[in-house]
Structure formats: C-alpha cells, structure tokens
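> Task: produce atomic coordinates for the following.
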Amino acid sequence: MVKLTIVGRVNDGLPLAQGARYLVDNMSSNYNQQAEFILKEISGGALPLAKMTIRFDHHSFNYLVVNGICFITLCDSSYPRKLAFLYLQDLQKEFDKFDHSLIDKITRPYSFIGFGSIIANIRKQYIDTRTQTNLSKLNAVRHQELDITTENMSDIIERRRNSEILETPATPQTSSPVWGSPRLEAIALIWTPITIIVIVASVVLWVSLIFTDDFLISTVYNF
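Have a look, this model is predicted:
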C-alpha cells in the first residue's frame, strides 16, 4: 500500500507537495521527516540522482528523480517495487504538465497545494495490487530488470553523521591576547637577559659569602 508521497525540488531540497498520509498518527510525522531527510540528501549529492529504494522499519522509501524534481513514496515492504515505480512515473507525467517556470518560483514548503489532489487520484489506482489494471501493468514489465540501488536507512543516517563529524573544524588553541601582544614580546626580549644576569650574579654572591663565612670560622678556631 502507498502510505506517503512527497514531491520536492532537487536543487534546494524544498518539498513542494504531498499527498495524504495513511499511517498511524504517532508515526506519521516521523516518516514524513525521513522523507524530507532523503530529499535533502539527494539535494546535497549524498544519494543517486536517478532512483533508489531505501528500507526503513518494515517499509520501503522509493524515489524517482526526473528533470530536477524528486518523487518519493513510502510503501509497505511487501508492496511490489515495480508497481511503486510505475506510480512514481505516473506522478512525474502529471507533474510535467505544469509550467516549470512557475514551479521554480515556489519558496514555501508544501505550497504547491493543487498537486495534492492529483496525488490522491493517482494513488487510488495503486491501492489494490490485485486489480486487473495493476496486474496488467506488472505483467507488462515482468521481464524488465530494475536497475535500482537498495540501501538501509540506518546506513544512510550513519554516513551522514560521519560526514558531519569530518566537516566539523577542530577548535584552534588560541593564545592569550595579553601574553601574545607585541608589546610584551618586546619587553621580554629586553628584560630576559637582564634577569638572567641578576640571577647569576646573586648565585655568585651567595656562594662567595658562604666561602667567606667558612674562612672566618676556620680562622677563629685556629686562634
């Protein structure tokens, strides 16, 4: 069964239209977010710009990209994949009837509301996989090999996380603005040799005083 459908623009990852969701309420938002995540990954070049099947939680996301527009649907894992892509192709054919110059001007997510009713009408044709029409469609493509990449959603998410870690710049160790100032560096160059000389002189004087005391004490004892 087709449970969710989203149509989006690839160049900026903007979702343009969506169909009704046929999911449990507490999971509906989660699946919708996953579909938007897939659209963003396609837009960023992390997923193939053609078609793909992504397994997720006993379901499958199938997407088709044509002329810079991505058509994504969520189906039960048991739903025939060939039928799912035929559904996406029908959506793409209907979408191509619209003026793309107007589509390019859309700036708000899901603001192409008019296409939602078209999604609903086409979806009705694909609800029951056992209708004569759908069986005929499957029979017509039964000898065609699906050249479609299949991947798990968990792998895609993990790859995204690793990519974000690599893209995060390391925090540079910044020196203190006081101690790193040119003024203090100049002072240090002047006073460091003087300080060393004073320390050395103090040590020499201290040693000489010790030897002098020892000499005086030994002289007294000799008398």
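> and the host helix or strand of residue 117, average pLDDT?
Secondary structure from DSSP states H and E places residue 117 in helix 114-125. Per-residue pLDDT over helix 114-125 has a mean of 95.
> So what touches that helix?
The contact list for helix 114-125 (C-beta atoms under 8 Å, 6 or more residues apart in numbering) reads 2, 5, 7, 16-20, 87, 90-91, 94-95, 98, 133-134. The way it works is simple: take the backbone N, C-alpha and C, and place the C-beta from them, glycine included.
> ditto for stretch 88-106
Under C-beta under 8 Å, 6+ apart, the answer for stretch 88-106 is 5, 7, 9, 14, 16, 51, 62-64, 66-67, 69, 71, 73, 112, 115, 118-119, 122, 125.
> Keep only those of those that are in strands.
5, 7, 9, 14, 16, 51, 62-64, 66, 69, 71, 73 (DSSP state E).
> Would you map the strands across this structure?
2-9, 14-18, 51-56, 59-66, 69-76, 149-152.
> closest to residue 39 out of these?
Nearest of those to residue 39, taken as C-beta to C-beta: strand 2-9 at 4.3 Å.
> Report all helices and strands that the closest one contacts.
strand 14-18, helix 25-43, strand 69-76, helix 81-95, helix 114-125 (3 or more C-beta pairs under 8 Å, 6 or more residues apart in numbering; DSSP states H and E).
> relative to helix 114-125, how tilted is it?
Counting by axes from the mean of the first three to the mean of the last three C-alpha atoms, to 10 degrees, strand 2-9 lies at 150 degrees to helix 114-125.
> Strand 2-9 vs strand 69-76, what angle?
Using the same axes, to 10 degrees, strand 2-9 lies at 170 degrees relative to strand 69-76.
> Give me the buried positions along strand 2-9.
Of all the residues in strand 2-9, those buried under the rule 16 or more other C-beta atoms under 10 Å are 2-9.
> Which of those lies at the shortest distance from residue 82?
residue 2 (13.5 Å).
> Return the residues in contact with that closest one.
Applying C-beta under 8 Å, 6+ apart, one finds that residue 2 lies in contact with 22, 73-75, 79, 84, 87, 123, 126-127.
> Quick one, which of those are buried?
For the contacts of residue 2, buried by 16+ other C-beta under 10 Å: 73-75, 79, 84, 87, 123, 126.
> Out of those, flag the one nearest to residue 30.
Closest to residue 30, out of all of the buried ones among the contacts of residue 2 and judged by C-beta to C-beta, is residue 74, at 10.8 Å.
> What's opposite the closest one in the beta bridge?
Bridge pairing for residue 74 (DSSP bridges) gives the partners residue 4, residue 61.
> how about low-confidence regions in the chain?
25-26, 169-193, 198, 200, 203-204, 206-223 (pLDDT under 70).
> try 50 this time
Along the chain, segments meeting pLDDT under 50 span 175-181, 213, 215-223.
> Point to the residue nearest the middle of it.
residue 160 (4.6 Å; C-alpha atoms, centre = their mean).
> residue contacts, that residue?
Neighbours of residue 160 in contact, by C-beta under 8 Å, 6+ apart: 41, 46.
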